[in-house]
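Participant: Generate coordinates for the sequence data below:
(4 chains)
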Number of protein chains: 4
Amino acid sequence: MYSFESDYTEGAHPKILRLLAETNLEQTKTYGEDPYSRKAALLIKEQIDRENAEVFFISGGTQTNLIAISAFLRPHEAVISADTGHIEVHETGAIEATGHKVIPVPSCDGKLYPETILPVFRFHVEEHMVKPRMVYISNATELGTVYSVDEITALHSFCRENDMLLYLDGARIGAALTADGADLTFEHLGRFTDAFYIGGTKNGALLGEALVVQNPALARDMRYIIKQRGGLLAKGRLLGLQFLALFEDGLFWELARHANTMATILRNAIREIGYPEMAESPTNQLFPILPNDMIAALRKDYIFRIIEATDDVNSCIRLVTSWATQEADVRAFANALSRLSV
Amino acid sequence: MYSFESDYTEGAHPKILRLLAETNLEQTKTYGEDPYSRKAALLIKEQIDRENAEVFFISGGTQTNLIAISAFLRPHEAVISADTGHIEVHETGAIEATGHKVIPVPSCDGKLYPETILPVFRFHVEEHMVKPRMVYISNATELGTVYSVDEITALHSFCRENDMLLYLDGARIGAALTADGADLTFEHLGRFTDAFYIGGTKNGALLGEALVVQNPALARDMRYIIKQRGGLLAKGRLLGLQFLALFEDGLFWELARHANTMATILRNAIREIGYPEMAESPTNQLFPILPNDMIAALRKDYIFRIIEATDDVNSCIRLVTSWATQEADVRAFANALSRLSV
Amino acid sequence: MYSFESDYTEGAHPKILRLLAETNLEQTKTYGEDPYSRKAALLIKEQIDRENAEVFFISGGTQTNLIAISAFLRPHEAVISADTGHIEVHETGAIEATGHKVIPVPSCDGKLYPETILPVFRFHVEEHMVKPRMVYISNATELGTVYSVDEITALHSFCRENDMLLYLDGARIGAALTADGADLTFEHLGRFTDAFYIGGTKNGALLGEALVVQNPALARDMRYIIKQRGGLLAKGRLLGLQFLALFEDGLFWELARHANTMATILRNAIREIGYPEMAESPTNQLFPILPNDMIAALRKDYIFRIIEATDDVNSCIRLVTSWATQEADVRAFANALSRLSV
Amino acid sequence: MYSFESDYTEGAHPKILRLLAETNLEQTKTYGEDPYSRKAALLIKEQIDRENAEVFFISGGTQTNLIAISAFLRPHEAVISADTGHIEVHETGAIEATGHKVIPVPSCDGKLYPETILPVFRFHVEEHMVKPRMVYISNATELGTVYSVDEITALHSFCRENDMLLYLDGARIGAALTADGADLTFEHLGRFTDAFYIGGTKNGALLGEALVVQNPALARDMRYIIKQRGGLLAKGRLLGLQFLALFEDGLFWELARHANTMATILRNAIREIGYPEMAESPTNQLFPILPNDMIAALRKDYIFRIIEATDDVNSCIRLVTSWATQEADVRAFANALSRLSV
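Facilitator: Residues are numbered from 1 along each chain as shown, chains lettered A, B, ... in the order given. The predicted structure follows:
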């Protein structure tokens, strides 16, 4: 059985394990004040060209989202999300558990646009309603789609005009920025969002996300909040070291590119045969709609998630590739698809 | 410079890194449902002889405490802690952030006793006050002291009689159970507490604590709560593997015993010269009270925490040993102490 | 200017003020343990024929909702509401502020049905999502519509089968149960919901809602929760006395019937002229869709809320009658309508 | 039986009921935007000489405290209180339920001083601990004692120097400012605190407290927070009208002075006979320590609270007078005391 279920079925890129082993017996400062974490933070700030930014390393995505959002908002302020957004659907109410409403906006492609946010913003005008104060987007989205520079700057302008914050969930930012045709860059993130996080877990790290806060006022006392939410790792170097390994020489982007390339092989095979996709994803998540009997046949050898029945005889499935996916394995899957579609 | 600042200044025991490397490219189930996590959970349940218990692996101690306590209590219920307790002093109000009051009880030795809890329990009798519903203890305590079987069973009986839960923070449970003279065993924990956690971070793991819930009713829907608080690691095997490495052959206890042995060398040196200690700790944390000029001299070569001035010319410091402490280093420190006290 | 803006623009029914004055200098027990509160609670329990129920008097509707919902649910549990529901739209995120997600279900008539809840229930199946555990309905709804006995029992059965609670927001329960054609009774509420509240504020009281909890297990320690949320009034008799005045002789229903009768006069006038309504409300809130110039003309003499533009030349407005509305005033408004529509 | 149990055993001052009756059928704006609430707010601002202040009327003291504190603080910030403080002891963890730690400071007289706060402030220096950001005081305190101008200005200076807020719980501010020997004035409150509340419930109102926020930045979006916590009364005029009645002609102070005068009669009787008091209260709460058999005899005719046994044969009781206390009743109690002490 081979799994295309997610991009976190394997461990970490070997370079990371090597670095952990090499530095293992060094004594360092704790709680993220070690030299590796400091260096990794510096690298990231340089690479987004925002020297005033602050970078915090946190274990996982849900934790990063709940820490950032609850740190930035006052009690009555709410966050707008696509109805497919991770915070809306897949975090067991983590944001609400910190007291804040998530306002879902219907979305077919997993993205938000000024014109889809505007009605929400106009509706919430007085104190009997929450005050929308943050726009939450994911890039790549939960459907694998990506934002263009124009789309991000439009959201950025909308937020500026309406005194709202723009926060980007980058659990799969690697795949998003290295996707074919993507024009958004790492620097753009630093310029056009108020904060974002870089997903390590889904791109080669054992665990860990890097929360980047561009605005020093928003970052104030952030370490208190991280500690309070249980996110300040005693051996914080474990996170810093991994981001150092990923960002000192571009490994992060290389791994993401590889995942995308593997997905492209699958995508081409699917398109060649003519199966539709639920979303136009240029990244490492694919959502093909396949006949149910073909899905059944594939599941004898492959593990993947079935998203939903699209009609009586077809269903949408999710295939995910990663830094660890081998070309032989995607080719084998592509061949199986061809064989089964004859 | 050598550091006695904490038991988490190094990485992980080499066996752990080896196991991570060996299994790195295996594809496994995610979010803690992998075979390693299952096997580690099973081992722990066997070793405490509670097959109905449930075991959950969580990144850190503060996160484990806030998840357990907020899962077990209703909104108006409070937890009683020694005023030195980690949840009271060193978790940035993490418990309160989930809505629950921590009621501190003055304690000189870091421990709670039925007779010190009783007044709190008697005082809180009606609905204008919180309802004390849980007793939180740490073992070893924040002062390095440990509970005896008699003390734990007395607390257990008190809790049973008064419809309260007994929860044990075992961030340093390894050191506690392997301390000279300790009569409390791993099985006792399973029998006399409602839930406890086993600290991996401070005893050789990269990160990770194992929350053990003896009562299945208390464990109900716990994975929802863990996810909601941001504690469900995508690559949960990272935690399971470490606990497997630590518990399959007793490595956990061996590491703790080593840390205690190293502390004993320091303790003997201190006692020989005649310096007093703030608390009678038989574990890997020592709290000697030393002359300020000696402290200044030691700090040229050693890193450690100064707890507080005890009078105009003396202060209490904290020395911590760990699984990674080398005998040569503690001997060198002991010699330095002797030299300076002449 | 005469206002049809809401059913809380005046003070209280004179009987209430009289009773307050008569008992004013009596010394009574505080925090709701006075004889008036006890007697009012007893009356309500008798009238719904549930002697095991518990009744709590609370200042306002939002407070009652947040107290009930947060008392009944565990942290990861969520409440399903129509997307027009008060808790979803008009309580400034009060439920989320206690940590719980509100899951909105699209609704045209303000009501929920098993078939509209079912997809939500089916979607939320695992620990990465909240656990739907309560169905929140309002009766009358925010659109003035009401539930039939069949509809309530269908919801009740659905909830029983799926281990969910049914909670009814009765801010306008008086108007709902006395509406023309309504077959639901006070006793039905006691039988088919797990808890509900009786709205005093919108039916003749100065303030106050009566939270009725049928299941004693759900009511456990409720006074702690009420106190914690700031809802335990020192002079609780103020609430008990009012509910006594309203329920000892059926005044509550009489006032509601009056409000409905006044609305019927308006409704008939609107229908006679042929204007459509946004919702088919048989209660004291009407939602006619009128030409914008007519609305402008009416606003010279009347205060009411404009809900939304329905097209370029028409808008939906809300007209609310109450226990205090005088027949002469509704007749005058009806006449104005007729005059303006010529 | 006559009750000295609290200052909220009766209803409201007759003038209040009269005003409610007179205005009962007027239609007004809702949710506190009515002319009475506006006028009352204006009066209070004038009387404290702070025209930039904002005034909000809220049902009860616990609700006011939890709204103010959670509105002012960020998640990791904590509030310092005397260990006798209402928020620490008698609000069922209401502040913690909004996520904030209350740090108790031992106090014999119910008051805080810079020198008792300082150690707390010095202890909490880093992100593993909450950040003390507000000082909460009550005046009169829970022991009936009062602050002098010097004491308040010392706290004010301490807070200014340390970037902390000073918040005053004025549940019994009437009694405090009209006490014999008190030099603190209403204007001082406006000048030396960041926010405070004026207690109506315990000084002649049916219910209601006026939260006064001097700093407009702190008051920002306060109505959202009040609504979210369930504190925005639909018929807000009920609160505004009462404060208008109390403040338009000094009735508030007159009632408080009366309560104090009644207490003085009791105090003199107690002192004459020579019984000690637990606290030196110049206000309407007395804490005499009496022989247990005398207490038993008094309880045949009087209701009052027993605070605690002070030794085997004596106990401290609490006697409270109010605006509604009749001189004949206190004289009768004083006589009973004399008789029983022979």
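Participant: Can you name the residues of the stretch 101-250 of chain A that neighbour chain C?
Facilitator: Contact residues (Cβ under 8 Å from any Cβ of the partner chain) of the stretch 101-250 of chain A with chain C: A:101-102, A:104, A:127-130. C-beta coordinates here come from the backbone N, C-alpha and C atoms, glycine included.
Participant: Among the residues you listed, which ones are in strands?
Facilitator: Among these, the ones falling in strands (DSSP state E) are A:102, A:104.
Participant: filter the residues of the stretch 101-250 of chain A next to chain C to the buried ones?
Facilitator: Neighbour counting over those (16 or more other Cβ atoms under 10 Å in any protein chain shown) leaves A:101-102, A:104, A:127-130 as the buried ones.
Participant: can you give me the mean pLDDT across stretch A:240-248?
Facilitator: Average pLDDT, stretch A:240-248: 98.
Participant: near chain B at all, it?
Facilitator: No - Stretch A:240-248 stays clear of chain B (Cβ under 8 Å from any Cβ), getting no nearer than 8.9 Å.
Participant: what's the spacing between the longest helix along chain A and its chain's center?
Facilitator: The residue-count maximum for a helix in chain A (DSSP state H) belongs to helix A:251-273. The chain centre lies 17 Å from the centre of helix A:251-273; the measure is Cα atoms, centre = their mean, to the nearest Å.
Participant: could I get the buried ones among the residues of the stretch 101-250 of chain A next to chain C as a markdown table with distance to B:Tyr302?
Facilitator: What follows is those, written out as a markdown table (distance: Cβ to Cβ, whole Å):
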| residue | distance to B:Tyr302 |
| --- | --- |
| A:Lys101 | 51 |
| A:Val102 | 50 |
| A:Pro104 | 55 |
| A:Glu127 | 58 |
| A:His128 | 61 |
| A:Met129 | 58 |
| A:Val130 | 53 |
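Participant: Among these, which pair sits farthest apart?
Facilitator: Using Cβ to Cβ, these span at most 21.5 Å, a distance reached by A:Pro104 and A:Glu127.
Participant: okay, now the residue of the stretch 1-150 of chain A found nearest chain B: neighbour count?
Facilitator: Minimum separation of the stretch 1-150 of chain A from chain B (Cβ to the nearest Cβ) falls at A:Gln63, amounting to 2.9 Å. When neighbours are counted by other Cβ atoms under 10 Å in any protein chain shown, A:Gln63 registers 25.
Participant: go on, the one 4 residues further on?
Facilitator: Residues near A:Ile67, counting by other Cβ under 10 Å, number 27.
Participant: and it, what pLDDT?
Facilitator: At A:Ile67, pLDDT is 98.
Participant: Now for the nearest residue to it once chain neighbours are set aside, how many residues are close by?
Facilitator: Among residues not flanking A:Ile67 along the chain, A:Arg229 sits closest, at 5.1 Å (Cβ to Cβ, 6 or more residues apart in numbering or on different chains). Using other Cβ under 10 Å, the number of residues around A:Arg229 comes to 29.
Participant: Enumerate every residue touching the residue nearest the centre of chain A.
Facilitator: For chain A, A:Ala171 is the residue whose C-alpha lies nearest the centre (Cα atoms, centre = their mean; 1.9 Å). Residues in contact with A:Ala171 (Cβ atoms under 8 Å, 6 or more residues apart in numbering or on different chains) are A:61, A:86, A:138, A:197, A:199, A:201-202, A:209.
Participant: what does A:Gly199 give?
Facilitator: A:61, A:170-174, A:209.
Participant: do that again at 6 Å, thanks
Facilitator: A:170-173, A:209 (Cβ atoms under 6 Å, 6 or more residues apart in numbering or on different chains).
Participant: So in terms of bridging, what pairs with it?
Facilitator: A:Glu209 (DSSP bridges).
Participant: can you pull the pLDDT of it?
Facilitator: 98.
Participant: how close does it sit to A:Ile58?
Facilitator: Counting by Cβ to Cβ, to the nearest Å, the separation of A:Gly199 from A:Ile58 is 11 Å.
Participant: How about A:Thr9?
Facilitator: A:Thr9 is 22 Å from A:Ile58, by Cβ to Cβ.
Participant: again with A:Cys159
Facilitator: 23 Å.
Participant: Also A:Gly240?
Facilitator: 11 Å.
Participant: So for those two, which sits in the more crowded spot?
Facilitator: A:Ile58 (29 against 26).
Participant: What about the more buried one? Give its phi and psi, please.
Facilitator: As for A:Ile58, its main-chain torsions (degrees, to the nearest 10) stand at phi -130, psi 150.
Participant: need the contact list for it.
Facilitator: A:Ile58 sits next to A:64, A:209, A:211, A:231 when contact means Cβ under 6 Å, 6+ apart.
Participant: Any idea what it is bridged to?
Facilitator: The partner residues for A:Ile58, given DSSP bridges, come to A:Glu209.
Participant: Buried residues of stretch A:158-171, list them for me.
Facilitator: A:158-159, A:164-171.
Participant: cool, and stretch A:29-44?
Facilitator: A:29-32, A:34, A:36-41, A:43-44.
Participant: Please list which of those residues are also close to chain D.
Facilitator: The subset of the buried residues of stretch A:29-44 within reach of chain D, by Cβ under 6 Å from any Cβ of the partner chain, is empty.
Participant: of all those, which comes closest to B:His258?
Facilitator: The closest of the buried residues of stretch A:29-44, once distances to B:His258 are taken by Cβ to Cβ, is A:Thr30, at 20.1 Å.
Participant: Can you verify that closest one is assigned to a strand?
Facilitator: No - under DSSP: H, G, I helix; E, B strand; the rest coil, A:Thr30 sits outside any strand and is assigned coil.
Participant: Could you report the distance from it to chain C?
Facilitator: 30 Å (Cβ to the nearest Cβ, to the nearest Å).
Participant: circling back: need the contacts of A:Ile58 in JSON lines with distance to A:Asn24 and secondary structure, can you?
Facilitator: Shown next, in JSON lines, are the contacts of A:Ile58 (distance: Cβ to Cβ, whole Å; DSSP: H, G, I helix; E, B strand; the rest coil):
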{"residue": "A:Thr64", "distance to A:Asn24": "26", "secondary structure": "helix"}
{"residue": "A:Glu209", "distance to A:Asn24": "23", "secondary structure": "strand"}
{"residue": "A:Leu211", "distance to A:Asn24": "26", "secondary structure": "strand"}
{"residue": "A:Gly231", "distance to A:Asn24": "23", "secondary structure": "coil"}
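Participant: Fine, thanks again, bye for now.
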